[in-house]
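*Asks:* quick one, fold the following:
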Amino acid sequence: MNTVRRAAAALTAAVAVLGTGAAGQAAAAPSPTPTAGNLPAGLYGTKDPTYDGVWRQSLSFLAQRATGYQPADQAVEWLLGQQCGDGAFPAYRADATKPCDAKTMRDTNATAAAVQALAAVRRQSAAPEKADQAVKAGTDWLRSVQNKDGGWGYSAGGASDANSTSVVVGALAATGVRPVDLTSAEGRSPYDALLSFALPCTDKEGPGAFAYQPDKTGKLFANADATAAAALAGLGKSMVATKASPDQAPTCTDLSKPTSERAALNGASYLAKTLAKTHHLVQPPMPGATDTAEQPDFGNTADAVVALSAAGASKEAMPALEWLEKNSASWAKESGPAAYAQLILAARATETDPRKFGSVDLVEQLNAAGPAPKSPDTSASSTTDEEDSGFDIWWIIGIGTVVGVGIGFLLSGRKK
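*Replies:* Take a look at the predicted model:
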């Protein structure tokens, strides 16, 4: 998911420079850069939220619910206030009192993340009806901007990509909508789009992986970030995923008639092999960077841990989780609430205590990054699971054959 955020920042920056949006609309003049002194009180984190305000708020909510906390009402109200009248969410609106207009860049990733987060916290919020309406409006907007191939791009009308499509699938899972039933006018589902990004097991560079998008010639290149996201989505899971049982080593198998589940398991096989060497993923240098050395990608490593554990490969995920326990403290402290949330979700997926994550209490650090949440309660974990339980039931009925490939239960809570 970090690649998506970086891409969003790059895209928005390009829009500001070129003066046109992804859909050809005129871009709004850049707002003053938010600082720690003028950020809204309900927002998590102190850094500039221009490119990730809604995203980091949503991930924070999901991680808090997964650990038994309910976000403060003030924080929930802030997220609700970011929604546009049509149901979409931008990455961040500095002035939520002004209605969104044609120049407001709607963000499918932010919208999907917010839908999942609000679905998880609505029952314990001060205004559950308002949260319900926001979830429905957000889901309806996502439906309205589905591409012909069944997928979604980062912005409405943009070419579909594996990450954006996967985040939306997670939102559908969190609201009980079967992705297979959400089809475009051409009859294509989100899984049709995901399968178009899947590399075969015979690919020499990335057997079983997913590409973010095809290049200009239509060729697919393995992308670990996209693979982690698509593996979860292919299994019908959201970001708050739990450990699957029984545990077994993932394998890559090409089928004459590919399925999203099989492609997801192939993706897990690719992730396991990629992590086997150094126990972490690396991030490629950003365009124009003078330092071309590969750097550890902590966030996507955490996402890969979740995907592997959700696919029944928790044994293969553990070395990466242990690497994160030893090496992620400085990164999380610098990056803020979204980073703590990703680590919490990785710990939860492997049944590891997030309060004893190496030398860090991840829950304490996340809770300190925003308004003090409500005290932990015994219903929080079950609430998150209940949000997805209806989805789990139809999924298991619809693909009973997954028992044969070693995934006893397919769907759990999801971590954004």
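*Asks:* okay, and Asp215 sits in which element?
*Replies:* Assigned by DSSP states H and E, Asp215 belongs to no helix or strand.
*Asks:* which residue sits closest to it in space, ignoring its chain neighbours?
*Replies:* The spatial neighbour of Asp215 that comes closest, neighbours along the chain excluded (CB to CB, 6 or more residues apart in numbering), is Phe221 at 6.8 Å. Every C-beta, even on glycine, is put in place using the N, C-alpha and C of the backbone.
*Asks:* per-residue pLDDT of that neighbour, please?
*Replies:* Reported pLDDT at Phe221 in the predicted model: 97.
*Asks:* for Ala126, same thing?
*Replies:* pLDDT recorded at Ala126 is 83.
*Asks:* please enumerate the helices of the stretch 101-250 of the chain.
*Replies:* Remark: helices assigned in the stretch 101-250 of the chain by DSSP state H, counting those that start in this stretch are 108-121, 128-144, 162-174, 190-195, 224-234.
*Asks:* Ala228: what's it in contact with?
*Replies:* Ala228 makes contact with 267, 271, 300, 303-304, 306-307, according to CB atoms under 8 Å, 6 or more residues apart in numbering.
*Asks:* try 6 Å
*Replies:* 303-304, 307 (CB atoms under 6 Å, 6 or more residues apart in numbering).
*Asks:* swap in Pro376?
*Replies:* Residues near Pro376 by CB under 6 Å, 6+ apart: 68-69.
*Asks:* before we move on, the earlier item: okay, the contacts of Ala228 in CSV with distance to Pro246 next?
*Replies:* Output for those, formatted as CSV (distance: CB to CB, whole Å):
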residue, distance to Pro246
Asp303, 23
Ala304, 20
Ala307, 17
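*Asks:* highest neighbour count among these?
*Replies:* Within those, neighbour counts (other CB atoms under 10 Å) peak at Ala307, which reaches 33 neighbours.
*Asks:* can you report phi and psi for it?
*Replies:* Per-residue torsions, Ala307: phi -60, psi -40 (degrees, to the nearest 10).
*Asks:* circling back: could you give the number of residues near the residue nearest to Asp215?
*Replies:* Close neighbours of Phe221, defined as other CB under 10 Å, add up to 15.
*Asks:* gap between it and Leu324?
*Replies:* Shown here: Phe221 relative to Leu324, a distance of 26 Å by CB to CB, to the nearest Å.
*Asks:* okay, now the unreliable bits of the protein?
*Replies:* For the chain, residues meeting the criterion pLDDT under 70 lie at 1-37, 285-292, 377-416.
*Asks:* show me where the protein has its strands.
*Replies:* Applying DSSP state E to the chain gives strands spanning 281-283, 295-297.
*Asks:* in the first one, what counts as buried?
*Replies:* With burial defined by 16 or more other CB atoms under 10 Å, the residues of strand 281-283 counted as buried are 281, 283.
*Asks:* all helices of the stretch 251-400 of the chain, in order?
*Replies:* Going by DSSP H, counting those that start in this stretch, the stretch 251-400 of the chain shows helices at 260-278, 298-310, 314-327, 329-335, 337-349, 362-367, 380-398.
*Asks:* report the angle between the first one and helix 298-310.
*Replies:* Using axes from the mean of the first three to the mean of the last three CA atoms, to 10 degrees, one finds that helix 260-278 and helix 298-310 are set 130 degrees apart in direction.
*Asks:* now do the buried residues in helix 260-278.
*Replies:* 260-275.
*Asks:* which strands or helices does that helix pack on?
*Replies:* Judged by 3 or more CB pairs under 6 Å, 6 or more residues apart in numbering; DSSP states H and E, the packing partners of helix 260-278 are helix 190-195, helix 224-234, helix 298-310.
*Asks:* in CSV, list the ones you listed along with distance to Pro376.
*Replies:* Shown next, in CSV, are those (distance: least, CB to CB, whole Å):
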stretch, distance to Pro376
helix 190-195, 34
helix 224-234, 26
helix 298-310, 22
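*Asks:* pull out the buried positions in stretch 39-58.
*Replies:* By 16+ other CB under 10 Å, the buried positions in stretch 39-58 come out as 39-40, 42-45, 47, 49-58.
*Asks:* from those, which ones fall inside helices?
*Replies:* Among these, the members falling in helices are 53-58 (criterion: DSSP state H).
*Asks:* and of those residues, the nearest to Pro214?
*Replies:* Taking CB to CB as the measure, Trp55 is the one of those closest to Pro214, at 25.3 Å.
*Asks:* return the distance of that closest one relative to Ala174.
*Replies:* Counting by CB to CB, the gap from Trp55 to Ala174 is 15 Å.
*Asks:* same check on Lys130?
*Replies:* From Lys130 to Ala174 the distance is 17 Å (CB to CB).
*Asks:* repeat for Met318
*Replies:* From Met318 to Ala174 the distance is 27 Å (CB to CB).
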